[in-house]
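Participant: Got a predicted structure here, sequence first:
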Amino acid sequence: SDHYQFFRRLPPRWKHRWTFGQLEENCRRNMDSLEELQAQFRAIQQEAVTHRLSDRNCVDLVLRLSQLGLISVIYTQNGKEYLTHQQLEREIRDEVLANRGRLNITELQPLLNVDFSHIEKAVAQIIKQDKQIKIINGDLVANYYLDGVAEEINEMLQDAGELAILDLGVRFNLNAETMKSLIDQRLGRIIKGMLESDTLYTQAFLVRQAAQIRGIFVGLTRPTPIPPLLTKYKLQENLFNTALNDMVSQGTLNGSIQGRTYIPAIFESTRTNYIMKFWQQNKYIQLKTLERLAITKPKDWIDKSMKGGIMLTDTYMSLDLIRSIEGMCQEAVKDASWLDLIPVIPDVLTSSDIASLIQHMQTNPESAVNSAAKSAVVLGENYWVSQAFLDKCLACYEQGIKNKVEKGQLEIKTEIPEISSKSTEDSRKKGGKGGKTKKQESKREEMRSSRGAASDESAQVIKEAKELLTPFVEDPPSDDFVDFIAVELRTKMSAIRTEAARSIFVQNTDVKKEAKNFLEEITTLHQNIQLFNRGNQTLPEEDALIMEKHLLKTLCLELMDRLLMQQAADMNIKNVKVATPNDRKELAAKLGPSIAPEASKCLESCNGKSVEEFLVALEGFADKLEIRLRPLDKKSERTILQRHRDTLMQQLVQESNPAAVLHLVVILLYLKKHGVMIHPPGRSLGSIITKLGADVPGISQQLKNGQAQVVAYLTGLQVNPDQPVSDQLKQSSEELKSLVLGKDEN
């Protein structure tokens, strides 16, 4: 048995040379030769020696020969033996052979009794000279050992049908890369099988696997998910995918694969016949219907398999059905009427489908209603209404308003109407160019939103529209149809109603003229406040705060006094006074519950520190009074600035008072330098002069001298005792004027 195992582990290249009997005869012959050599060695040892060397002499002799370079030997670890490099290599080869072709390098040191460094050098030399031996994971491995491993793998493979490389690596203590290289080099020569995804298979196993897959899928008649089949029948997924795809592509299996689902051809043909029959009967097909029929990408399937329709959001619709709907829409436009689309379209269409259908009819150049699309609008997502019908409704509303005006039945408010409805609306749509910064706008919008989205006026217009149009619209499809018309025409109806209300309000020419003058006065004050507020933003924070308070106490209070007095006059409130803050509060409280809160808010903001807050509150107050205040745009700002500049220049030319001259010069110089108007109190002139001196160094000294002369004039002091006060003031005024007017003009 031991002899057989030894013979079995011999390298393959030796096996064909000897039979077991020949090997046994060879061993016997070698043993006889060995015994003969032993006898000769004993005889030599027993002979008398004439010159005998001691151990010490032998050691010295070997050392001397080594120093002279005549011999190269390796010392053993105990120092009692020597061996040559060639002998060490031979012994290493013998140890590898004795261990059946595989031996760890670390095991050689105790076996050979030689330092490990010599062993490493000898191993490197062996590997360099002999390509049949290599190092794998610290082991010396001979090719005949790897051939033996391959033979054992082949035996295991033929028994099992499949083997994983990872399992083989654990079995033979080799890493996966080495094991794969071993198998690749001997596949088809020693190992009879095929390698697929780090697994070895026999051809018989693959055939069985393919037959099993074919048998499973031939019997399927409906779409079946693939993963459950892999689990149920314990199929190899890496082989399964390849085999299934090959069978489908070669026609062995009559079906198709969509994602991870197998669809038999019998099911596909039945499904296609059902879909086409449904399409021919109904002229539409929904995407969710296709999804229920196991079509994972219904839009792609429609593109490949169906023609003669339009893809809406969730439904594919026939062009013939669309053309019939287009014809009805065209007829409605021609008759100046309307069409409810719900009864004429399939009831399965979603709101997004209807919107997509309408968009197609309006934008498609080939659509029959494309040319008439501009003459119609869509209300409530499904009502196709001609523009001519809407014009009739608007004319009906206008006539109804006129009738109410004639009968005195039109409900109007007693407040003053807006300045100019059309221009004001346009300015609001444009956003008031340059009127407000983004931060200011967001703050105002925030405060506006608290008052609600819909105004009382809009609600009144819609209410009257329903009242007047309900008798006019015959057989409305639903209760909300008239509501949709009223909402669509709300802007135009509001303009008609506003115009009617204004015509009633301004029937008296004197009242109309007074209202116009009042509105112009309010507009001018409002524009000046905005203009001066923008100028304040260019000043340092401390100075800007003083300027804003001054503006609130002057122009803002003046504007509020004018609004309160006018509203009190309209409401016939007697004994009106606005001399003190208490007077204003009492008057605001008398304006009624709808106006009083907004008026009080404005008065409170006048006592605050922010002009911006006052403007926001003022806008709410003005809305209650039905006064539309326009934000200051760039064009208006330039016009007002020029007007202010011209006025101030004329005043400066005619002015002789030193304090007034200084005040005017500072304002005009600031306007020239920064392009904005300011409304400073007298106590702020000093800081503004300092800022101008920093901005324009050339005029700094003149401004300071002029300021000193004015202060001396007001306090009764004399700056220069050698010159009369009147001459000093005149000279100072002339110098200040020259900074703005120039010497010639002055």
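Facilitator: Right, received. Where do you want to start? Note that the coordinates shown come from a computational prediction; the quantities given were computed from them, not determined experimentally.

Participant: from here on, contacts and neighbour counts on C-alpha atoms
Facilitator: Noted.

Participant: Surely P223 is in contact with Y262?
Facilitator: Yes: when contacts are counted by C-alpha atoms under 8 Å, P223 is listed as touching Y262 (5.6 Å).

Participant: quick one: the strands in the stretch 151-300 of the chain?
Facilitator: 162-164, 194-195, 199-201, 224-225, 255-258, 261-264, 284-286 (DSSP state E, counting those that start in this stretch).

Participant: how close does the residue nearest to E381 when sequence neighbours are not counted sit to M317?
Facilitator: Once flanking residues are discounted, E381 sits nearest to A355: 6.7 Å by C-alpha to C-alpha, 6 or more residues apart in numbering. Distance check for A355 against M317: by C-alpha to C-alpha, to the nearest Å, it reads 13 Å.

Participant: out of the two, which sits in the more crowded spot?
Facilitator: Comparing A355 with M317 by other C-alpha atoms under 10 Å, the one with more neighbours is M317, at 23 against 17.

Participant: Same question for that one, what's its three-state structure.
Facilitator: strand (DSSP: H, G, I helix; E, B strand; the rest coil).

Participant: OK, contacts around it?
Facilitator: Residues near M317 by C-alpha atoms under 8 Å, 6 or more residues apart in numbering: K283, Y284, I285, G309, I310, M311.

Participant: same thing but at 6 Å, please
Facilitator: Y284, G309, I310 (C-alpha atoms under 6 Å, 6 or more residues apart in numbering).

Participant: Going by neighbour count, which of the residues you listed comes out on top?
Facilitator: Y284 (22 neighbours).

Participant: which residue sits closest to it, ignoring its sequence neighbours?
Facilitator: Nearest to Y284 is M317, by C-alpha to C-alpha, 6+ apart, at 4.3 Å.

Participant: Could you report the neighbour count for R102?
Facilitator: 22.

Participant: That one contacts V141, correct?
Facilitator: Yes: using C-alpha atoms under 6 Å, R102 is in contact with V141, at 4.5 Å.

Participant: list residues touching both of those two?
Facilitator: With C-alpha under 6 Å, 6+ apart, R102 and V141 have no common neighbours.

Participant: separation between T538 and M547?
Facilitator: 11 Å.

Participant: Those two: which is more packed in?
Facilitator: M547 (25 against 13).

Participant: who's in contact with the strand or helix carrying that one?
Facilitator: For M547, the element it lies in under DSSP states H and E is helix 541-551. Contacts to helix 541-551, defined as C-alpha under 6 Å, 6+ apart, come from residues N536, K609, P680.

Participant: The last one - how many residues pack around it?
Facilitator: Think P680. 21.

Participant: let's number from 53 now, not from 1
Facilitator: Fine by me, first position is 53 from now on; the one you just mentioned is P732.

Participant: That one in helix, strand or coil?
Facilitator: coil.

Participant: contacting residues around it?
Facilitator: M599.

Participant: mind checking how far it is from V166?
Facilitator: 107 Å.

Participant: same check, this time on the second one
Facilitator: Distance, K661 to V166, using C-alpha to C-alpha: 100 Å.

Participant: for the first one, same thing?
Facilitator: Counting by C-alpha to C-alpha, the gap between N588 and V166 amounts to 99 Å.

Participant: ok, the two, which is more surrounded?
Facilitator: N588 (24 against 21).

Participant: So R680: helix, strand or coil?
Facilitator: coil.

Participant: Next, count neighbours for it.
Facilitator: 20.

Participant: what's the pLDDT at K329?
Facilitator: K329 is assigned a predicted lDDT (pLDDT) of 90.

Participant: in this protein, which helix or strand is least confident?
Facilitator: The helix or strand of the chain with the poorest confidence is helix 473-482; it has a mean of 39 (mean pLDDT, DSSP states H and E).

Participant: Might you report the residue contacts of I625?
Facilitator: I625 touches nothing, counting by C-alpha under 6 Å, 6+ apart.

Participant: So what does it have for phi and psi?
Facilitator: I625 adopts backbone torsions of phi -90, psi 130, taken as degrees, to the nearest 10.

Participant: any idea how far R614 is from it?
Facilitator: 14 Å.

Participant: now swap in I178 and tell me
Facilitator: 115 Å.

Participant: try W436
Facilitator: Distance from W436 to R614, by C-alpha to C-alpha: 51 Å.

Participant: These two - which one has more neighbours?
Facilitator: Legend: neighbour count by other C-alpha under 10 Å for W436 and R614, higher for W436 (23 against 17).

Participant: what's the spacing between the more buried one and V513?
Facilitator: 23 Å.

Participant: next one: L737
Facilitator: 53 Å.

Participant: Same question for K653.
Facilitator: Taken as C-alpha to C-alpha, the span from K653 to V513 is 29 Å.
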